[in-house]
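Undergrad: Fold the following, please.
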Amino acid sequence: MRDALANALKTARKVHDLTQEDFSPVSSRTYISTLERGQKSPTVDKLHAISQTIGISMLSLLTLAHMGLDNEGDLESILEQIRFEVNHICKTVPQPE
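TA: The predicted model follows:
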């Protein structure tokens, strides 16, 4: 998963025409480089900040990573799976009175 996230991050950064230095408000160029090489895994908070810097949701970045993980399916099937799982969980959680 680390390599898939590394590839997704690098791809999203390049598509949005950002350099590693553009992340300086949230992270160092060195740290972004280590993430893009799959040498480290970001925390959830850091992943959120990085996604915001790119201009995409964290879920989009994770979906890109999931899609790259051994070709885990096309976008439509992944979105359908997410829709099903989230709906199931939301229906199971008791609603406040």
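Undergrad: low-confidence ranges in the protein?
TA: Applying pLDDT under 70 to the chain flags residues 72, 97.
Undergrad: switch to 80 and redo it
TA: 69-73, 93-97 (pLDDT under 80).
Undergrad: Can you tell me which helices and strands the longest helix along the chain packs against?
TA: Using DSSP state H, we find that the single longest helix of the chain is helix 75-92. Packing partners of helix 75-92 (3 or more CB pairs under 8 Å, 6 or more residues apart in numbering; DSSP states H and E): helix 58-68. All C-beta atoms are positioned from the backbone trio N, CA, C, and that covers glycine.
Undergrad: got the buried residues for the longest helix of the chain?
TA: For helix 75-92, burial by neighbour count (16 or more other CB atoms under 10 Å) applies to no residue.
Undergrad: contacting residues for Asp3?
TA: Residues counted as contacts of Asp3 (CB atoms under 8 Å, 6 or more residues apart in numbering) are Gly38.
Undergrad: That one sits in which helix or strand?
TA: helix 2-15 (DSSP states H and E).
Undergrad: Counting neighbours, which bits of that helix end up buried?
TA: Ala4, Leu5, Ala6, Asn7, Ala8, Leu9, Lys10, Ala12, Arg13.
Undergrad: Which helix or which strand is home to His48?
TA: Per DSSP H and E, His48 falls inside helix 44-54.
Undergrad: In a markdown table, list the buried residues of helix 2-15 along with distance to Pro25.
TA: Converted to a markdown table, these look like this (distance: CB to CB, whole Å):
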| residue | distance to Pro25 |
| --- | --- |
| Ala4 | 26 |
| Leu5 | 21 |
| Ala6 | 21 |
| Asn7 | 24 |
| Ala8 | 21 |
| Leu9 | 16 |
| Lys10 | 19 |
| Ala12 | 17 |
| Arg13 | 14 |
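Undergrad: Count the neighbours of the closest residue to Val26 other than its chain neighbours for me.
TA: Counting by CB to CB, 6 or more residues apart in numbering, Val26 lies nearest to Ala49, which is 4.0 Å off, once chain neighbours are set aside. Counted with other CB atoms under 10 Å, the neighbours of Ala49 add up to 17.
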